[in-house]
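Student: Quick one: sequence and predicted model below, then my questions.
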Amino acid sequence: MVRNTVFQQLLQLLSRYDFKKCVNHHEGDKYTKRFDCWQQLIALLFAQAKGLDSLRDIEVSLRSHYKKWYHLGLTSVAKSTLADANSNRSSEIFQDVFYSLLAKCRELAPKHKFKFKNPLYSFDSSLFNLCLSLFSWAKYRTKKGAFKLHTLLDHSGYLPSFFLITDAKCHDINVVKDDTYGFPTLSPDSIILVDRAYIDYKWLYSLTIRKLFFVTKAKSNMKYKVIGQQDVPKNKGIISDQIIKLTGFYKKKDYPDTLRLITYVDKKTGVVHVFLTNNFKLAALTIADLYEARWDIETFFKWIKQNLKIKSFLGTSKNAVMTQIWVAMIYYLLLRFIKFQTKCSHTMHELTRIVGELLLENIYLIETLRITFDQYKQVKRKQIQLSLF
């Protein structure tokens, strides 16, 4: 019995029925004779897994594995055809596929590391620089091009629950305030972690009205009066735990309710942090730990920049760039789904390396993930040595 390749096993995680619904909704295969949306997805996922930077590399690499096309559902590949598909087919097709797969991943995602049951999210953005002469639609400054990637990260499974690409000039707070950007409605009792860029008291008060909690860092020039104190635990690094009200005329009008101000000193670095929250139930140290957990979204941005092909692009049009980013995130979810399903101990970086190396090998991926990464490297080294004789 011939085993499926690792790539086939990855593709089987995608529902062809749901994929076809997304394609039909946007008429992606209308007037298409050979290279349909599924084949476009195969080519772009292949490029992500193998770390290929150019259309020519994708074409040459896929042609070298011509005998495996049939089992993948691929019938042709040409760099000009792929370039046209990336430029002309709506990137919203792959956006819909991403959210369809996200719902599947959520069913298997483990809970976040904290003891409370509240859903926990972090929201932030990251800037991606582009060459303005090639990407004229992404004008940022006089001689610079860029776009912003806004992400709502669910700490249960570290899944990007909301993903938005805007021009670099878009202020972070506008994405959560303006309904046209499509920021999702979170369930009551959810906790959202944001940095100081998102301090807009009117928006923060809207979270309180909707029974949502936030944790952020207080601005140094914030004007307030102390109306109460909470007990401070000993030897925990908590300097003070105060109940406050804003005193500025407009600030008091934007947020008329009470807030909690926690001053904390990091014992390792000696740095003093001041946190602002509307949650009065969680322990002060937990609030400090929550804001530290916000660093997970920075790690997420760093990981996708280092491991996914979203810094060098296969096309220069906005649609081509967005298509490549959505497919990159589909690949990220596929890796996450494998990690959830197999409960393997490999880090995401190790899992990416393993899948990339074994992509077109006829082996069971689940069997491979049972060995340690060091054992895997020894096996690969022996294979290389044997191939020399």
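Tutor: That came in fine, so what should we check first?

Student: Flag the shaky bits of the chain, pLDDT-wise.
Tutor: 1-3, 371-389 (pLDDT under 70).

Student: what does the domain assignment say about it?
Tutor: The chain breaks down into these domains under automatic domain parsing: 6-98+312-386, 199-280.

Student: Same list (these) but as a markdown table, adding mean neighbour count and distance to L130.
Tutor: C-beta: built from backbone N, CA, C; applies to glycine. As requested, those are exported to a markdown table (neighbours: other CB atoms under 10 Å; distance: least, CB to CB, whole Å):
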| stretch | mean neighbour count | distance to L130 |
| --- | --- | --- |
| domain 6-98+312-386 | 17 | 8 |
| domain 199-280 | 15 | 28 |
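
Student: Nearest to F300, out of those domains?
Tutor: Of all the domains of the chain, it is domain 6-98+312-386 that lies closest to F300, at 9.2 Å by CB to CB.

Student: show me where the stretch 151-300 of the chain has strands.
Tutor: With DSSP state E, counting those that start in this stretch as the criterion, the stretch 151-300 of the chain has strands at 159-167, 191-193, 213-217, 224-229, 238-246, 259-265, 272-277.

Student: Including distance to T286, could these go into TSV?
Tutor: TSV is the format used below for the strands of the stretch 151-300 of the chain (distance: least, CB to CB, whole Å):
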stretch	distance to T286
strand 159-167	22
strand 191-193	10
strand 213-217	10
strand 224-229	18
strand 238-246	11
strand 259-265	10
strand 272-277	10
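
Student: and S122, which of the ones you listed is closest to it?
Tutor: strand 191-193 (4.4 Å).

Student: from the chain's centre, how far out does the closest one sit?
Tutor: Centre-to-centre, strand 191-193 and its host chain are 16 Å apart (CA atoms, centre = their mean, to the nearest Å).

Student: Number of residues surrounding the residue nearest to A138 when sequence neighbours are not counted?
Tutor: The spatially closest residue to A138, leaving aside those adjacent along the chain, is G145, at 4.1 Å (CB to CB, 6 or more residues apart in numbering). Using other CB atoms under 10 Å, G145 is surrounded by 20 other residues.

Student: Let me know the secondary structure of G145.
Tutor: Look at G145: counting by DSSP: H, G, I helix; E, B strand; the rest coil, its state is strand.

Student: got a list of what it touches?
Tutor: N129, L130, C131, L132, L134, F135, S136, A138, K139, A168 (CB atoms under 8 Å, 6 or more residues apart in numbering).

Student: which one among those gets closest to D241?
Tutor: A168 (38.4 Å).

Student: distance of the closest one from R141?
Tutor: 8 Å (CB to CB, to the nearest Å).

Student: the more surrounded of those two?
Tutor: A168 (18 against 10).

Student: Now the phi/psi pair for that one, please.
Tutor: phi -70, psi -20 (degrees, to the nearest 10).

Student: I'd say it and A146 touch.
Tutor: Yes. Shown here, A168 and A146 form a contact pair, counting by CB atoms under 8 Å, at 3.8 Å.

Student: Mutual contacts of the two, please.
Tutor: L127, A138, Y140.

Student: Narrow those to just the buried residues.
Tutor: A138, Y140 (16 or more other CB atoms under 10 Å).

Student: about what we covered before: tabulate the domains of the chain in CSV, adding columns for distance to L120.
Tutor: CSV is the format used below for the domains of the chain (distance: least, CB to CB, whole Å):
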stretch, distance to L120
domain 6-98+312-386, 17
domain 199-280, 10
